[in-house]
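# Could you work out the structure for the sequence below:
(one chain, ligands or ions: 2)
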Amino acid sequence: MKLAKVKTADGTVRVAVVEEAQVQLLDLSESENISTLADVLNSEKPQKLVESLLASAEACALDSVQFLAPVDHQETWAAGVTYKRSQVARMEESETGASHYDLVYTADRPELFFKATPNRIVNPGEAVRVRYDSQWSVPEPEFTLVLNPKMEIVGYTIGNDMSARDIEGENPLYLPQAKVYRQCCSIGPVVQLATETLDLAATKIDLLIERQGETITSDSTNLGELYRKLPDLAGWLGREDEFPNGAFLLTGTGIVPDDDFSLEDGDVVTISITGIGSLKNPVVKGTGPVTH
Ligand code: DO4
Ligand code: MG
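Ligands and ions are numbered 1, 2, ... in the order given. Have a look, this model is predicted:
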């Protein structure tokens with residue numbers, strides 16, 4: 001079952017079940033303590049809850065709603081260097097810290113970093129940003145875990161971990177600046193409930209980047225290439241921390257474009273993952289710092 005947070009034609013934000021050609025808008029008005037998608041995801045049995053609400057749902061054409069990022073008050077975190085491709089690319093780009101990436105790839109403790117507050121996450125279809133002070137930035141297409149406050153994996157979605165390779169490469173201590181800035185992340189368009197066992201190798205992750213209507217780069221990987229186990233990543237995140245609203249956890253990139261590639265203003269990034277769908281965002285590159 002796929003769930004989404006959508007904006008309807010009259011501007012209201014609703015929780016919906018996504019079907020082939022339509023969405024079912026759920027009526028949460030009678031459900032005690034359930035008013036948002038996060039409330040549904042964090043409930044005892046999300047699928048059962050939704051099934052009980054489907055009888056009173058209102059069907060609506062798929063193209064009549066806007067899909068929003070399926071995020072409410074959750075923090076978004078990310079794992080790094082979880083695929084061989086990411087380890088190799090980062091060792092090559094790093095001017096000073098190559099051995100850190102080598103060590104963390106096989107270490108028991110994974111790399112986990114804070115990625116975004118909800119206000120830094122853009123909706124599907126809205127622009128992700130390249131920092132104006134980066135000349136080498138890429139999207140990172142990442143299978144993303146949806147975690148409830150017990151750190152249980154309740155769903156899956158798609159995440160784009162926008163990254164400034166030149167800033168991270170200059171010094172690993174610049175990682176927060178390479179990773180966290182306005183419009184640095186996109187998530188969505190739906191949450192696939194984690195009710196069935198995942199076939200890792202059959203879960204394909206595709207990246208397509210278009211420039212002026214032409215494909216300029218594309219690549220694929222699959223979850224079978226992920227070095228870590230998904231529940232282990234969730235376990236490390238929750239090891240000594242609390243997430244009262246739940247959390248999103250991007251699980252790292254297995255796709256890194258060639259070193260001569262950098263995103264430009266106007267590019268369009270599409271990430272597709274088997275069983276979830278496609279997340280598409282245009283790219284904006286600013287020309288100067290934020291005016292506060
Ligand atoms: O080590 C820095 C970040 C790694 C990352 O974001 C990734 O591997 O996806
Ligand atoms: Mg990443």
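# Just read off the phi/psi values of Phe248.
With angles defined as degrees, to the nearest 10, Phe248 sits at phi -110, psi 140.
# Check the spacing between it and Glu196 real quick.
Phe248 is 20 Å from Glu196, where distance means C-beta to C-beta, to the nearest Å. Quick note: C-beta positions are derived from backbone N, CA and C, even for glycine.
# For the two, indicate the residue with more neighbours.
Legend: neighbour count by other C-beta atoms under 10 Å for Phe248 and Glu196, higher for Phe248 (27 against 8).
# What's opposite the residue of the stretch 1-150 of the chain found nearest ligand 1 in the beta bridge?
Closest approach between the stretch 1-150 of the chain and ligand 1, counting by C-beta to the nearest ligand atom: Gly80, at 2.6 Å. With DSSP bridges as the criterion, Gly80 is bridged to Glu111.
# Let me see the contact set for it.
Gly80 is in contact with Ser86, Val104, Pro110, Glu111, Leu112, Phe113, Gly252, counting by C-beta atoms under 8 Å, 6 or more residues apart in numbering.
# near ligand 1, from these?
Ser86, Glu111, Gly252 (C-beta under 6 Å from any ligand atom).
# Can I get those in a markdown table including distance to Gly277?
Shown next, in a markdown table, are those (distance: C-beta to C-beta, whole Å):
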| residue | distance to Gly277 |
| --- | --- |
| Ser86 | 23 |
| Glu111 | 27 |
| Gly252 | 20 |
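# For Thr217, state which of these is nearest.
Of all these, Ser86 has the smallest distance to Thr217: 16.3 Å, by C-beta to C-beta.
# and the closest one, what is it in contact with?
Contacts of Ser86 (C-beta under 8 Å, 6+ apart): Gly80, Tyr101, Gly252, Thr253, Gly254, Val256.
# Looks to me like it is in a helix.
Yes - assigned with DSSP: H, G, I helix; E, B strand; the rest coil, Ser86 falls within a helix.
# can you pull the contacts of the residue positioned nearest the centre of the chain?
Central residue of the chain (C-alpha atoms, centre = their mean): Gly159, 1.7 Å from the mean position. By C-beta under 8 Å, 6+ apart, the contact list for Gly159 reads Thr76, Ala78, Pro141, Glu142, Phe143, Thr144, Cys185, Ser186, Ile187, Phe248, Leu250, Leu279.
# about what we covered before: mind putting the contacts of Gly80 in JSON lines, pLDDT included?
Compiled in JSON lines, the contacts of Gly80 are given as follows (pLDDT from 0 to 100):
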{"residue": "Ser86", "pLDDT": "89"}
{"residue": "Val104", "pLDDT": "94"}
{"residue": "Pro110", "pLDDT": "98"}
{"residue": "Glu111", "pLDDT": "98"}
{"residue": "Leu112", "pLDDT": "98"}
{"residue": "Phe113", "pLDDT": "98"}
{"residue": "Gly252", "pLDDT": "98"}
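# Report the two of those separated the most.
The distance between the two most remote of the contacts of Gly80 (C-beta to C-beta) is 13.9 Å, for Ser86 and Leu112.
# low pLDDT regions in the chain?
Counting by pLDDT under 70, the chain shows no low-confidence range.
# Show me what from it comes close to ligand 1.
Within the chain, the positions near ligand 1 by C-beta under 6 Å from any ligand atom are 78, 80-82, 86, 90, 111, 140, 161, 163, 175, 252-253.
# try 8 Å this time
Neighbours of ligand 1 within the chain, by C-beta under 8 Å from any ligand atom: 78-83, 86-87, 90, 100-101, 104, 111, 113, 140, 142, 161, 163, 168, 172, 175, 178-179, 250, 252-253.
# from those residues, which ones fall inside helices?
Among the residues of the chain next to ligand 1, DSSP state H puts Ser86, Gln87, Arg90, His100, Tyr101, Val104, Glu168, Leu175, Ala178, Lys179 in helices.
# What ranges does the chain have for its helices?
In the chain, the helices defined using DSSP H lie at 37-41, 46-54, 84-93, 98-106, 165-170, 175-179, 230-237.
# For ligand 2, tell me whether the fourth one is touching it.
No - under the criterion of C-beta under 5 Å from the ion, ligand 2 is not reached by helix 98-106; the shortest gap measures 12.1 Å.
# Could you do the third one as well?
No - with C-beta under 5 Å from the ion as the measure, helix 84-93 is seen stopping short of ligand 2, the closest distance being 7.0 Å.
# mind checking how far that helix is from the chain centre?
On the basis of C-alpha atoms, centre = their mean, to the nearest Å, helix 84-93 sits 21 Å off its chain's mean C-alpha point.
# same deal with the fifth one?
Helix 165-170 sits 21 Å away from the centroid of its parent chain (C-alpha atoms, centre = their mean).
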